[in-house]
Structures are given as structure tokens and as C-alpha cells.
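> A structural model of the following input is requested.
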Amino acid sequence: MEQKDIMKVMRQESGMSQMEFSGYFGIPYRSIENWEEGSRKVPDYLLRLMAYRLQIEKRIGDHPEWTGLDLTAMGK
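Numbers count the residues shown, from 1 in each chain. Here you go, the predicted model:
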């Protein structure tokens with residue numbers, strides 16, 4: 001899955017619009033739009049941090065392939 005696809009799925013799974021997603025993370029709306037279009041690339045570390053925060057806050061399901069962490073294994 002490409003980065004732009006991960007961004008879009010992550011946002012959609014969280015139930016947020018691009019504008020809400022932008023406000024939630026404090027990232028300019030245009031950046032979110034460019035990342036989802038694929039005209040710009042989101043930094044890898046930022047994509048992982050965003051996925052991590054959404055997973056920890058239970059806004060999206062567990063996707064270890066996005067963060068490199070299996071959050072379901074934590075706390076066991």
C-alpha cells in the first residue's frame with residue numbers, strides 16, 4: 001500500500017474529513033490534501049506517529065504495518 005493510500009484509509013477509518021484531520025493533528029489542510037493526492041510525500045516518521053496516536057486513542061484499528069508496532073501485544 002502506498003503512503004497516499006495509507007493516509008486516506010487512516011483518515012477515513014478515523015471518521016474525519018480532511019479539514020477535521022488537519023485540525024486534529026495541527027497540520028495545514030493543504031498538506032493533508034497534497035499527501036492524499038500523492039503530489040507530496042508525508043515524512044515516514046510522521047505517518048507512523050499519526051497512525052500510532054490514532055491507534056492509541058482507539059480512533060482506528062490496529063495496523064502494525066503502519067507503525068511497525070503491534071499495539072495489541074502491548075500490556076500482555
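
> Could you use CA atoms for every contact and neighbour count after this?
Fine.

> Which residues outside the helix or strand that contains K8 are in contact with it?
Assigned by DSSP states H and E, K8 falls within helix 3-14. Here helix 3-14 makes contact (CA atoms under 8 Å, 6 or more residues apart in numbering) with 17-18, 21, 35-38, 41-42, 47, 51, 54, 59-60, 66.

> now do stretch 29-44
Q3, K4, D5, M7, K8, Q18, M19, F21, S22, G23.

> just to revisit the earlier point, so which other helices or strands are in contact with the helix or strand just after the helix holding K8?
Using DSSP H and E, the helix or strand that follows helix 3-14 towards the C-terminus is helix 18-25. Judged by 3 or more CA pairs under 8 Å, 6 or more residues apart in numbering; DSSP states H and E, helix 18-25 is in contact with helix 29-37.

> just checking, next helix/strand downstream of the helix it packs on?
Sequence order places helix 44-56 as the next helix or strand after helix 29-37, per DSSP H and E.

> now the angle from that following helix to helix 18-25?
Relative orientation of helix 44-56 and helix 18-25, computed by axes from the mean of the first three to the mean of the last three CA atoms, to 10 degrees: 90 degrees.

> What is the least confident helix or strand in the protein?
Using mean pLDDT, DSSP states H and E, helix 64-67 stands out as the lowest-scoring helix or strand of the chain, at a mean of 72.

> Remind me what that one packs against, helices and strands.
Going by 3+ CA pairs under 8 Å, 6+ apart, helix 64-67 lies up against helix 44-56.

> what bits of this structure have low per-residue confidence?
Applying pLDDT under 70 to the chain flags the ranges 67-76.

> try it again with 50
71, 74-76 (pLDDT under 50).
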